[in-house]
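1. Pasting the sequence and the predicted coordinates here, then a few questions.
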Amino acid sequence: MAQTTIKAYVDRKNEKYYTTGTCRGFKVEMDMTEEAGGTNKGMNPMEMILCGLGGCEIMSLVANSKEHKIDIGDVWIELEGDYDTDGATRKKDIRPGFLEVRCIVHVKSDAPEEKVRELVEKMQKSSPVYDTISNAVRLQVKGVVVEK
């Protein structure tokens with residue numbers, strides 16, 4: 001498969017932080033915690049990034065396990081990321097994004113530990129979300145439309 005474009009639509013309908021995102025007919029809800037002024041109806045975008053990363057890594061691991069002829073059972077990933085909320089509110093002159101993300105990959109398999117570790121390395125190299133987070137990506141705002 002060659003280069004492809006993914007399109008998503010995210011909107012807010014007069015509910016402070018509560019937003020919905022749609023892609024390929026699937027819908028996700030995002031919100032801030034009540035402590036942050038939201039209604040806690042969904043994960044916040046930073047939490048969604050971690051879940052997107054974990055989901056992509058697991059899918060890459062499963063795809064690569066077949067290629068490497070390694071049988072795997074359950075897989076789960078513990079993820080955590082550090083960021084300073086004062087960056088997002090511009091209370092401090094620091095970046096608003098994650099400063100560090102850490103994960104622990106758990107794999108149930110009868111394969112030798114060395115082979116599973118190699119599989120996890122391959123997973124990291126083939127995960128599009130891992131690549132997007134760990135490398136700078138060109139991001140552009142193509143326009144602003146003010147609706148009246």
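-> Thanks, I have the structure now.
2. Show the contacting residues for F98.
-> M46, I49, G81, D82, Y83, I133 (Cβ atoms under 8 Å, 6 or more residues apart in numbering). C-betas here are computed from N, CA, C, even on glycine.
3. before we move on, what SS does it have?
-> coil (DSSP: H, G, I helix; E, B strand; the rest coil).
4. Would you mind measuring from it to E113?
-> 29 Å (Cβ to Cβ, to the nearest Å).
5. gap between the least confident helix or strand in the chain by mean pLDDT and the chain center?
-> Among the helices and strands of the chain, helix 85-88 carries the lowest confidence by mean pLDDT, DSSP states H and E, at a mean of 82. Taking the mean of its C-alpha atoms, helix 85-88 sits 19 Å from the chain's own mean (Cα atoms, centre = their mean, to the nearest Å).
6. Tabulate the CA atom coordinates of it in PDB.
-> Extracted C-alpha coordinates of helix 85-88, given in PDB (Å, rounded to 0.1, in the frame of the first residue of the first chain):
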ATOM      1  CA  THR A  85      -0.100  21.400  32.900                       C
ATOM      2  CA  ASP A  86       1.300  24.900  33.400                       C
ATOM      3  CA  GLY A  87       2.700  24.600  29.800                       C
ATOM      4  CA  ALA A  88      -0.800  24.200  28.300                       C
END
